[in-house]
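J.: Okay, predicted coordinates and the sequence, questions at the end:
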Amino acid sequence: CINCAACAAFAPASFSRSNNDNAHFVHHQPETLDEIEHARAALAACPVAAIRVETLAERRHRASTPEQKQLIEDDWTEQEESLVRKMAIDPARNGLPKPFPKPLLGLPNAYWVGHHNERSFGGVPYLFQASVAGKSKWILVDTPKYSKSSLDAIVSVTGPEGPDYLFLTHVDDTADHGKWASHFPSLQRIFHDGDLGEHNWLGDETLADVEILLSKQPRSDETVLTAYQIDGTILSEKWQDTLEDDVVILHTPGHSPGSICLYWRSNKLSKDQHDGVVFTGDTYGYTTRNGGQMTAFPRYGNNLRTLANSLTGLLSLDWHTIAPGHGEVRYYSNHNGSADDVKELQRAEMQTAVEEMMSSGRW
């Protein structure tokens, strides 16, 4: 376990953070069909295969004497055998669908991809469809592990041509980007050059060769985020009044100099209505640490003061969902109250995140 928290995000009824916060553990065996479905998603998402389903044969293998083996066989229950069968990922074993792609709750044509990548620290990949220049485009946010299973999950939604764009939120979550680009020749990768050079700690020089490479722009106000169209075109500060596309790239430095967020905005002209989503990478997300709160992950931030300015910029936009690279999705659409009440809640939670940064000793 690398403590990425993917298991608890998908199956909180079965998985939880340990008291010393160095791993996650099974606190409840799945019983209901919903719990089994969620636990299967956790198993398929785990980037290091730390979740195992123990069979009778494996349990017998641990026995050192014939008597112990017999005791194990006598104690093995039909309920355990049934759970082993239902937890299998292969539909041929149990008739259950594969865990991924998994619909991102309440959002049209949006999915968790699963199959998290160990070399991206278990970062969460997403896939969704949006309108770009009047055409529907599939956008993959950050990289799943390149494998047959993840490939099958993606093409089951997009078709064999795959996604149109691969949005790379920051250098940490770029593993296997070249493999995905090689498999889908028309795929356009998006990355910010702030995470090149000394900040490209991976040493992956191919990141400089992505199809859409963004660059830092001068700003008179650090809380006004530089915005780009999906093709990399820089937008004016009044883009919210003029842009017709569903998606906007936002430069949100702080976690890393080149961190970018993808804003899937509420577009009243679109046939698929939603209340606005920000795919934030590691800039901002919900963590179960400290009893649960929104966080900017200050332990890992490059420049926390810059990050606080980026959060202020995000707060000025209209969104109801934060979909992070680590942590859990935060839905504000479930909040009972007016639009002003929701914005006040977002402001209060963001202030908590800023105060956490200020008290981290790295401010």
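T.: Cool, the structure landed. Predicted model only: the values in this text are computed from it and were never measured.

J.: Show residues contacting stretch 233-250.
T.: The list of residues contacting stretch 233-250 from outside it, by Cβ atoms under 8 Å, 6 or more residues apart in numbering, reads 130-134, 139, 167, 190, 214, 217, 224-230, 232, 260-265, 267, 269-270, 278, 313-314, 317. Every C-beta, even on glycine, is put in place using the N, C-alpha and C of the backbone.

J.: are any of the residues you listed buried, and which?
T.: Using 16 or more other Cβ atoms under 10 Å as the burial test, the contacts of stretch 233-250 include 130-132, 139, 167, 190, 214, 225-230, 260-265, 267, 278, 313-314, 317 as buried.

J.: Which of those fall within strands?
T.: With strands taken from DSSP state E, the overlap with the buried ones among the contacts of stretch 233-250 comprises 130-132, 139, 167, 190, 214, 227-228, 260-264, 278.

J.: Farthest-apart pair in those, please.
T.: Greatest spatial distance among those (Cβ to Cβ): Ser131 and Leu214, at 20.9 Å.

J.: residues of the helix or strand hosting Ala348 that come out buried?
T.: Counting by DSSP states H and E, the element that carries Ala348 is helix 339-358. Residues of helix 339-358 classed as buried by neighbour count (16+ other Cβ under 10 Å): 342-343, 346, 349-350, 353-354, 356-357.

J.: Which strands or helices does it pack on?
T.: strand 293-295, helix 304-315 (3 or more Cβ pairs under 8 Å, 6 or more residues apart in numbering; DSSP states H and E).

J.: between it and helix 304-315, how big is the angle?
T.: 170 degrees (axes from the mean of the first three to the mean of the last three Cα atoms, to 10 degrees).

J.: what's next to helix 339-358, contact-wise?
T.: Contacts for helix 339-358 (Cβ under 8 Å, 6+ apart): 284, 293-296, 298, 301, 304, 307-308, 311-312, 314-315, 320, 332, 335, 337, 363.

J.: Repeat the analysis, applying 10 Å as the threshold.
T.: With Cβ atoms under 10 Å, 6 or more residues apart in numbering as the test, helix 339-358 has contacts from 254, 275, 284-287, 289-290, 293-299, 301, 304-305, 307-309, 311-312, 314-320, 322, 330, 332-338, 363.
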